[in-house]
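Give the three-dimensional model of this entry:
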Amino acid sequence: MTATNQELDQARHSLAAAGCDVVLLSSLANVTYVSGYEVPVPVGAHAEMAYGPDLALCVVGDEGSWMIVPAGAAAGAQSASRLDGVIPFDGFDSFNPTDSHVSYVASVRRGLVDAGFANVRATLGVEHRYLPFAVSAMLADEFPRLGLMDVGDAMQQARLIKTEREIALLRRASHVADVGHRTLAELAQTAGQTEFDMWKEITARMFAAAGRDVPVTGELVTGPRTTTVEYPNGPRARVTEPGDAALMDISQRVGGYWSDCTNTHVIGGVEPTAEQRRYAKASQAACEAAIDALRPGNLASDAWAAAEAAFRSFGLEPAHYAGHQIGVVVNELPRLVAYDHTPIQAGMVFSVEPGVYQGPGGTFGARSEKMALVTPTGPEILSDFEWGIR
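Below you'll find the predicted structure:
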């Protein structure tokens, strides 16, 4: 490798502790994590032009590591990846016939042989949730001495504490989310716009902040649709009216890492009603209380309890979990719920998102979400947008 790859080092440590000799990763999240290459989100034509997902093959006990990617993406992967090499496989070719299935399986075979695992008794780590069946069948037929082990939990353990590089990327993603939410605050001052038009302006400014188009998911809901959670549920063609609630929960992927932030406004520069303010302030207080509980030595369930207590001080009950960790996927473990007793450690990064909603027949709901880094002395809030109702 040409540069230190702390993420791969953490993965190798966790995999070795699990008893793994070599690993074949197949999820977008874990391949991105160990390689540093922003594996494309599988949508559109490119997702259909190759037989299977990008893979990462890494020997646990030494420096051997490779990406297995479509030939058309090999140059980009070679440039961006922090692994030792790239093994290309055939995808669709406009001028020559290809058999992507055969080539894909052959690339895995070649990687294992080159890594020294032909006819060797060893343990191969795989992800049961994501391993293509064609690869699994080939392993059973041609590498019978390799025992397969599911490494989902080991990889989750490796990703639990973010490296300095990851924290920098999450800061950048959080900055892009700030741009989106400041744009919403500006747009919310004026009624008479469609949710489509608002979303268009919000995402355009986030793209500009990121320097390119980036994957975006989430929702922008206004009026009665803020009263229930049917995520994702917008934008729609609805035209906003003065006094409407506007709730935006938006996530974008920048450099392989995600942000996830939510805010609630009242449309048209109108003062919130007493009940709107109660719901908004309850969700904000719950978010701030849960963030404050994200301290080394506490548990994920402590953050949930803090949010729950804040809601009850307003005479309300939480409608869903209080948040989750974030990284190469939007929603990572641990989650902030009453039954998750994972210890909070410095280096974790959370999106904290408690919400409360009037329900069907109501007119208002509020969710408040900011990102926070756990430091040795307590939480550092990464998001710097202001709450929409103050």
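
going forward, measure contacts between C-alpha atoms and count neighbours the same way
Will do.

which outside residues touch the helix or strand where A158 lies?
If you go by DSSP states H and E, A158 is part of helix 152-159. Identification of contacts with helix 152-159 by C-alpha atoms under 8 Å, 6 or more residues apart in numbering yields 7, 10-11, 13-15, 18, 30, 33, 126-128, 333.

And the next helix or strand past whichever strand in the chain runs longest?
Looking across the chain with DSSP state E, the single longest strand is strand 245-254. Using DSSP H and E, the helix or strand that follows strand 245-254 in sequence is strand 257-258.

Could you tell me how far the helix holding A158 lies from the centre of the chain?
Relative to its chain's centre, helix 152-159 lies at 15 Å (C-alpha atoms, centre = their mean, to the nearest Å).

other SSEs contacting the helix or strand following it?
The helix or strand immediately downstream of helix 152-159 is helix 164-187, counting by DSSP H and E. For helix 164-187, the contact count by 3 or more C-alpha pairs under 8 Å, 6 or more residues apart in numbering; DSSP states H and E identifies helix 195-210, strand 245-254, strand 257-258, strand 261-266 as packing neighbours.

Next, the angle helix 152-159 makes with helix 164-187.
Computed by axes from the mean of the first three to the mean of the last three C-alpha atoms, to 10 degrees, the angle separating helix 164-187 from helix 152-159 equals 80 degrees.

Buried ones in helix 164-187, by neighbour count?
Across helix 164-187, burial judged by 16 or more other C-alpha atoms under 10 Å covers 166-167, 169-185, 187.

cool, stretch 144-151 as well?
Buried, per 16+ other C-alpha under 10 Å, within stretch 144-151: R145, L146, L148, M149, D150, V151.

Restricted to strands, list the residues you listed.
Applying DSSP E to those, the entries found in strands are L146, L148, M149, D150.

Leaving out sequence neighbours, find the closest residue to the third one.
Excluding the flanking residues, the one nearest M149 by C-alpha to C-alpha, 6 or more residues apart in numbering is G125, at 4.8 Å.

sorry, back to before: would you mind checking the average pLDDT for the longest strand of the chain?
The pLDDT scores in strand 245-254 average 98.

Over to stretch 103-119?
97.

From the chain's centroid, how far away is that stretch?
For stretch 103-119 - counting by C-alpha atoms, centre = their mean - the centre lies 30 Å from the chain centre.

got the contact list for it?
51-52, 57, 59, 64, 66, 68, 87-90, 134-135, 138, 143-145.

Tell me the buried residues in the helix holding A158?
Within helix 152-159, the residues scored as buried using 16+ other C-alpha under 10 Å are G152, A154, M155, Q156, Q157, A158, R159.

and which of these is nearest Y231?
Of all the buried residues of helix 152-159, Y231 sits closest to Q156, with 25.0 Å by C-alpha to C-alpha.

Mind listing the strands the longest strand of the chain pairs with, and their directions?
Next to strand 245-254 in the sheet, as set by DSSP bridges, lie strand 216-222 (antiparallel), strand 257-258 (antiparallel), strand 261-266 (antiparallel).

Comparing those strands, which comes out most buried?
Neighbour counts (mean count of other C-alpha atoms under 10 Å) averaged over each of these peak at strand 261-266, with a mean of 28.

what element comes up after that one heading to the C-terminus?
Past strand 261-266, the next helix or strand by DSSP H and E is helix 274-292.

Show the secondary-structure elements that the lowest-mean-pLDDT helix or strand in the chain is packed against.
Lowest by mean pLDDT, DSSP states H and E among the helices and strands of the chain is helix 74-80, with a mean of 95. Judged by 3+ C-alpha pairs under 8 Å, 6+ apart, helix 74-80 is in contact with strand 85-89.

any idea how far V108 is from the residue of the chain most remote from its centre?
In terms of distance from the mean C-alpha position of the chain, N119 ranks first, at 37.8 Å (C-alpha atoms, centre = their mean). Here the distance between N119 and V108 works out to 15 Å (C-alpha to C-alpha, to the nearest Å).

again, but for S259
Distance of S259 to V108, computed by C-alpha to C-alpha: 33 Å.

More neighbours: which of the two?
In this view S259 and V108 are compared by other C-alpha atoms under 10 Å, and S259 has more residues nearby, 31 against 23.

Tell me how many other residues crowd A17.
Using other C-alpha under 10 Å, A17 is surrounded by 10 other residues.
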